[in-house]
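Asker: With the input below, show me the fold.
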Amino acid sequence: MNAWKVAYTEQAENDLRGIYEYIAFSLLEPEIAKRQAKRIMEAAAKLNEMPFRCRLYEKEPWHSQGLRVLPVDNYLVFYLPVEDKETVVIIRIMYGGRNIEEQLYKGTKI
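Answerer: Numbering: from 1, shown residues only. The predicted structure follows:
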């Protein structure tokens with residue numbers, strides 16, 4: 001089995017940057033911010049093998065579109081495996097304590 005490519009949408013990159021900036025500048029913990037961003041990116045990179053291992057997101061319309069969710073610490077990485085391109089597309093990354101549906105409706109284009 002070939003390893004899949006992992007790609008980030010612009011929104012996912014913005015989400016990751018926002019997480020880093022919040023921890024580094026609002027909480028004044030730049031080292032923790034670096035480690036958290038690294039853990040998220042490393043976990044996402046591992047989706048290149050077994051991209052279907054995480055559960056489908058249970059809410060519609062995302063469930064029927066194949067959106068999956070990977071928990072990383074207190075964060076959720078939302079992604080779509082695109083079989084014909086052997087690519088995992090990271091759609092959104094957000095803090096698990098937020099209103100997830102509201103955040104998905106705001107910035108998610110599937």
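Asker: make it CA atoms for all contacts and neighbour counts henceforth
Answerer: Fine.
Asker: now what about stretch 13-22, what contacts it?
Answerer: With contact meaning CA atoms under 8 Å, 6 or more residues apart in numbering, stretch 13-22 is reached by Pro30, Ala33, Lys34, Gln36, Ala37, Arg92, Ile93, Met94.
Asker: ok, and the most crowded of the residues you listed?
Answerer: Ile93 (28 neighbours; other CA atoms under 10 Å).
Asker: Show me what it bridges to in the sheet.
Answerer: Counting by DSSP bridges, Ile93 forms beta bridges with Val77.
Asker: Remind me what the strand or helix carrying Leu80 packs against, helices and strands.
Answerer: Assigned by DSSP states H and E, Leu80 belongs to strand 75-82. Counting contacts by 3 or more CA pairs under 8 Å, 6 or more residues apart in numbering; DSSP states H and E, strand 75-82 is packed against strand 68-72, strand 87-95.
Asker: which of those strands is buried the deepest?
Answerer: strand 87-95 (a mean of 22; mean count of other CA atoms under 10 Å).
Asker: Could you tell me the angle between it and strand 68-72?
Answerer: 50 degrees (axes from the mean of the first three to the mean of the last three CA atoms, to 10 degrees).
Asker: Now tell me what touches strand 87-95 from outside.
Answerer: 4-9, 11-12, 15-16, 19, 44, 47-48, 51, 74-82, 100, 104, 108.
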